[in-house]
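K.L.:
A structural model of the following input is requested.
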Amino acid sequence: MDNVKIDFRKGNSASRRTIEAKRAIREALAQGSLTFGGILRRTGLSKRGLSRNLDELSKEGEIRRWKDTKDRRKIFYALTERGWKK
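P.N.:
Numbers count the residues shown, from 1 in each chain. Reported below is the predicted structural model:
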């Protein structure tokens, strides 16, 4: 599975980084549902940045999240139909 690393060199605006981060998350989730750690490894985002962007994508209806039935600490994320269209 390919990693989708983001280029955070100086000069990229905050809005551009957010767009790139959300794109990287969508590309990672296009491979299937993942845990927070799985998305983190594939995108190279910081924990804080990933958490913030996952919250925004969830509010925008582009991803859904659910807890593992066997381990309630583990949360999975997947693209919704709306997320696939972006």
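
K.L.:
Going by C-alpha atoms from here, please, whenever you check contacts or count neighbours.
P.N.:
Will do.

K.L.:
measure the residue nearest the centre of the chain to residue 71 for me?
P.N.:
In the chain, the centroid-proximal residue (CA atoms, centre = their mean) is residue 25; its distance is 3.1 Å. According to CA to CA, to the nearest Å, residue 25 and residue 71 sit 23 Å apart.

K.L.:
got the residue ranges for the helices in the chain?
P.N.:
Remark: helices assigned in the chain by DSSP state H are 14-29, 36-43, 47-59, 81-85.

K.L.:
Which positions within the last one qualify as buried?
P.N.:
Pointing back at helix 81-85 there. Within helix 81-85, the residues scored as buried using 16 or more other CA atoms under 10 Å are residue 83.

K.L.:
Same question for stretch 41-55.
P.N.:
42-45, 50, 53-54.

K.L.:
show me the contacts for residue 64.
P.N.:
58, 77-80 (CA atoms under 8 Å, 6 or more residues apart in numbering).

K.L.:
now it: how far from residue 15?
P.N.:
On the measure of CA to CA, residue 64 and residue 15 end up 23 Å apart.

K.L.:
What of residue 27?
P.N.:
18 Å.

K.L.:
Run the chain-centre distance for stretch 37-46.
P.N.:
The chain centre lies 8 Å from the centre of stretch 37-46; the measure is CA atoms, centre = their mean, to the nearest Å.

K.L.:
Renumber starting at 52 from here on
P.N.:
OK, 52 is where the count begins now, so the last one is stretch 88-97.

K.L.:
Residue 78 and residue 66: who's more crowded?
P.N.:
Per other CA atoms under 10 Å, whichever of residue 78 and residue 66 has more neighbours is residue 78, with 19 against 9.

K.L.:
okay, stretch 74-92 in CSV with CA atoms only?
P.N.:
Provided in CSV are the C-alpha atoms of stretch 74-92 (Å, rounded to 0.1, in the frame of the first residue of the first chain):
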residue,chain,number,x,y,z
ARG,A,74,-6.6,14.9,0.0
ALA,A,75,-4.0,12.7,1.6
ILE,A,76,-6.6,11.3,4.1
ARG,A,77,-9.1,10.6,1.3
GLU,A,78,-6.4,8.8,-0.8
ALA,A,79,-5.4,6.7,2.2
LEU,A,80,-9.1,5.8,2.9
ALA,A,81,-9.7,5.0,-0.7
GLN,A,82,-7.8,1.8,0.0
GLY,A,83,-10.4,0.8,2.6
SER,A,84,-11.2,1.5,6.2
LEU,A,85,-8.3,2.4,8.5
THR,A,86,-7.6,3.1,12.1
PHE,A,87,-6.2,6.5,13.3
GLY,A,88,-2.7,4.9,13.4
GLY,A,89,-3.1,3.5,9.9
ILE,A,90,-4.0,6.9,8.5
LEU,A,91,-1.2,8.5,10.5
ARG,A,92,1.4,6.2,9.0
